[in-house]
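Novice: I'd like to go over a predicted model; first the sequence, then the structure.
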Amino acid sequence: MSPSVEARTRPSARILLDPRMAYAMVLGSGLVPRAPGTMGSIVALPLWYLLAPLSPVSYFSALALLFALGVVCARHAEYRLGRKDHPGIVCDEVVGLLLACASLPQDWLWGLCGLVLFRVFDIAKPWPIRWLEHRFGPGWGVMVDDLMAGLYALLLLLGMQLAVPLL
């Protein structure tokens, strides 16, 4: 990928006129100058709250659809922005957070725990997250590493749910 103007500078809001870019940047949350990944995760919290009452089959079907759209849109955004995993691409944070919170009670305190743990794993990238990010091609690498960070957070949250009644 050759660097584009957007790769060298922060993309303007005009880029969101392309529906694939609007999805990849979660309606502009990826355009914030500081911590766009955290902003994308925060924007995902109300979506989790809306999806939480669904049956597990419906919840994971929605998650799979969002993941598939994310692969397509993140790939397009990487090419358009001329940079692998551009910080403005935050649709992966939405999917990662939704996976992290998949088993949680529909409670904002649990949602906040899911957000914090997901961001810790997404930023720290323990093995094999960073390896997965580089192992997969455009679009896939962006999405898979956050899916794994979401899985780590989910497992820790499941453990917390088991431990909370004991406290």
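Specialist: Right, received. Where do you want to start?

Novice: Report the contact partners of Ala24.
Specialist: Gly30, Gly70, Cys73, Ala74, His76, Ala77, Gly88, Ile89, Val90, Cys91 (Cβ atoms under 8 Å, 6 or more residues apart in numbering). Using the backbone N, CA and C atoms, a C-beta is placed for each residue, glycine as well.

Novice: Please disregard the earlier target; I meant Val94.
Specialist: Val26, Gly40, Ser41, Val43, Ala44, Leu47, Leu66, Gly70.

Novice: Mind pulling up the pLDDT for the spatially closest residue to the second one that is not a sequence neighbour?
Specialist: Closest residue in space to Gly40, ignoring its immediate chain neighbours: Val90 at 2.8 Å, by Cβ to Cβ, 6 or more residues apart in numbering. Confidence per residue is given as pLDDT, and for Val90 that number is 96.

Novice: Tell me if I'm right that Val90 and Tyr23 touch.
Specialist: No. Using Cβ atoms under 8 Å, Val90 is not in contact with Tyr23; the gap is 10.0 Å.

Novice: between the two, which one's more packed in?
Specialist: Val90 (31 against 21; other Cβ atoms under 10 Å).
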